[in-house]
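# Show me how the following folds:
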Amino acid sequence: MTIDLYKKFENSFHEQIKLTPKLSIVVAISGGQDSICLINLIENIKRTKYLLKVEYIYIDHQWKEDSKYHIDHLINLVNSFKQKISIYQIKSITSSEYKARTIRYQILTKHALTYNYNTIITAHTNTDKIETFFQLLLRGSSLEGITSLNVSNQLTQELFIFRPLVRASRLETAYFCRNFSLPIWSDSSNYNYNTYRNRIRYEIIPYLNQYFGTQIINNLLSFLSIANIENEYIKQNALKLYLIARHHKYIALNYKLIRKQHNTIQIRTLYIFFYHNFNKILSKEIIHTILYHFNNHLNYIRIIKWHELKINLYFSWLYIN
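Prediction:
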C-alpha cells in the first residue's frame, strides 16, 4: 500500500510539473494523518530538481484549547526537516465551516502571491472529495461546485492549487503513517458532531458502506470523475461564448448572442462575466431575473439593481453602471 501511495503521489507531481516546470510551493498542513503523510512525501521528493523552494503554513482557528501545543508540535516537526513554517492565527473565532474555509483560502492565496510561490498544496484525499461532495450537495451546489476538488486548479494566471493525494484514500495515508511511526496530532475538533463534515465522515459514509456495500464510494468517485469531464466541457463552451459576446472596449455583453444558447451556457457565461469583471458570484435569484429580461426584452432600457451595481439592458447589450 505504501508503494502504491508513492506512485500515486509521484504521478500527480509529474502532471503538475507539466503546468509549472519549476515548482515553488507553500504547503497547508494541520498535523493530522493526511498532512503528516504529505510532509514526509514532499520531503522525500524535494531532493529532485522539481522543487525550487518549500514552505509550510498552518492556520489556527482557535477551536482547540491545546492549540499552543499543537503549533509547537508542528514547528518542531517542520524544523526537523530544516524547512520554513509560517503560523497564522485567526482573531475572530467562527463556528461556520464555510467561513473558516473561505478565510483559510484567502490567507493561503495572499501568502503565496506575496512571497512568490506558484503553487499551494493541500493534503486532501479522495475521502475528502466524497465528504465535500455530500457537503455541497446538501447545500444545493452546482455541477461546478461538487466537482471542484480536483488534483489541480488554476486560481490565477500565476497560481495553482495542487492536491497530490486526492487519488489516494484516508485508509492509505493512515497505513503510511503507521508504517513509518509518524507523529500524528489527533485534532479534537474533528470529533465535533455539530459540523456537517464530521457527521458525513462518521455517520453517513459508514452507513452507506454498511448498507449499500463498500463499492459505493468507488461508484461515487466514478460519478464525480464523469461529472468533472462534463463540467469542463460546459465551462469551455461558456468561456468561448463570453470571449465572443463581450464588448471589445466596454464592460458589456451582447446578450442577443447569449440567449441563442442553451440555458446552462447562458448561466455560466453570466457567472464568468460578473466574476471576471467585478469578482462577484451571482445569486440564483439575480440569474433568473437577468435571464427573464433576456428573453422578454424589447428595445428600451431595463435596469436591474443588484448590490451597488445597476445592470442595464439596452438593444443588444447588457452593461453595468
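
# which stretches of the stretch 51-200 of the chain aren't confidently modelled?
Scanning the stretch 51-200 of the chain with the threshold set as pLDDT under 70 gives 93-95, 187-191.

# Would you state the helices of it in chain order?
67-80, 97-114, 126-138, 143-146, 170-179, 196-199 (DSSP state H, counting those that start in this stretch).

# and those helices as a markdown table, adding distance to residue 306 and mean neighbour count?
The C-beta positions use only the backbone N, C-alpha and C, and glycine is treated the same way. Shown next, in a markdown table, are the helices of the stretch 51-200 of the chain (distance: least, CB to CB, whole Å; neighbours: other CB atoms under 10 Å):
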| stretch | distance to residue 306 | mean neighbour count |
| --- | --- | --- |
| helix 67-80 | 40 | 15 |
| helix 97-114 | 21 | 15 |
| helix 126-138 | 24 | 19 |
| helix 143-146 | 20 | 17 |
| helix 170-179 | 41 | 18 |
| helix 196-199 | 29 | 16 |
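
# Relative to residue 289, which of the ones you listed is closest?
Relative to residue 289, the nearest member of these by CB to CB is helix 143-146, separated by 20.4 Å.

# Can you read off the pLDDT for residue 5?
pLDDT recorded at residue 5 is 92.

# Can you name the residues that contact it?
By CB atoms under 8 Å, 6 or more residues apart in numbering, the contact list for residue 5 reads 37, 41, 168, 172-173, 175-176.

# Give the buried residues for the longest strand seen in the chain.
The residue-count maximum for a strand in the chain (DSSP state E) belongs to strand 51-60. Using 16 or more other CB atoms under 10 Å as the burial criterion, the residues of strand 51-60 that qualify are 51, 54-60.

# Let me know the closest of the residues you listed to residue 284.
Nearest to residue 284 among the buried residues of strand 51-60, counting by CB to CB, is residue 59 at 30.6 Å.

# Grab the nearest non-local neighbour of that closest one.
Leaving out its chain neighbours, the residue that sits closest to residue 59 by CB to CB, 6 or more residues apart in numbering is residue 88, at 4.8 Å.

# Surely the one you found and residue 61 touch.
No: if you go by CB atoms under 8 Å, residue 88 and residue 61 don't touch, sitting 9.7 Å apart.

# Show me how this protein divides into domains.
2-212, 224-320 (automatic domain parsing).

# what is the mean pLDDT for the last one?
Confidence over domain 224-320, taken as the mean pLDDT, stands at 88.

# now the end-to-end length of that domain.
36 Å (CA to CA, to the nearest Å).

# now that domain: how far from the chain's centre is it?
Computed by CA atoms, centre = their mean, to the nearest Å, the chain-centroid distance of domain 224-320 equals 23 Å.

# Among the contacts of residue 5, which pair sits farthest apart?
Across the contacts of residue 5, the longest distance by CB to CB is 13.3 Å; it joins 41 and 175.

# before we move on, the earlier item: what's the distance between the residue nearest to residue 59 and residue 15?
Per CB to CB, to the nearest Å, residue 88 is found 29 Å from residue 15.

# next one: residue 180
The gap separating residue 180 from residue 15 is 25 Å, by CB to CB.

# I'd guessed residue 265 sits against residue 236; true?
No: the criterion here is CB under 8 Å, and residue 265 misses it with residue 236 at 10.4 Å.

# Compare these two (neighbour count), which wins?
Neighbour count, other CB atoms under 10 Å: between residue 265 and residue 236, residue 265 has more, with 18 against 11.

# how about the strands in the stretch 101-250 of the chain?
Along the stretch 101-250 of the chain, the stretches classed as strands by DSSP state E, counting those that start in this stretch are 119-121, 152-154, 160-162.

# Which one of the ones you listed lies nearest to residue 285?
So among those, strand 152-154 is nearest, using CB to CB, at 27.2 Å.

# Remind me what that closest one packs against, helices and strands.
Using 3 or more CB pairs under 8 Å, 6 or more residues apart in numbering; DSSP states H and E, the elements in contact with strand 152-154 are helix 2-19, strand 160-162.

# okay, those, which one's buried deepest?
strand 160-162 (a mean of 21; mean count of other CB atoms under 10 Å).

# chain center to that one, what's the gap?
Worked out by CA atoms, centre = their mean, strand 160-162 lies 9 Å from the chain centre.

# Just checking: what are the partner strands of it?
The pairing partners recorded for strand 160-162 under DSSP bridges are strand 119-121 (parallel), strand 152-154 (antiparallel).

# Ranking the ones you listed by mean neighbour count, which comes first?
Mean neighbour count (mean count of other CB under 10 Å) peaks for strand 119-121 among these, with a mean of 23.

# ok, now which ones touch the nearest residue to residue 135 once chain neighbours are set aside?
Once flanking residues are discounted, residue 135 sits nearest to residue 196: 5.5 Å by CB to CB, 6+ apart. Going by CB under 8 Å, 6+ apart, residue 196 touches 97, 135, 138.

# So which of these is the closest to residue 307?
Among these, residue 97 lies closest to residue 307 (CB to CB), at 24.9 Å.

# give the contact list for that closest one.
Residues in contact with residue 97 (CB under 8 Å, 6+ apart) are 135, 195-197.
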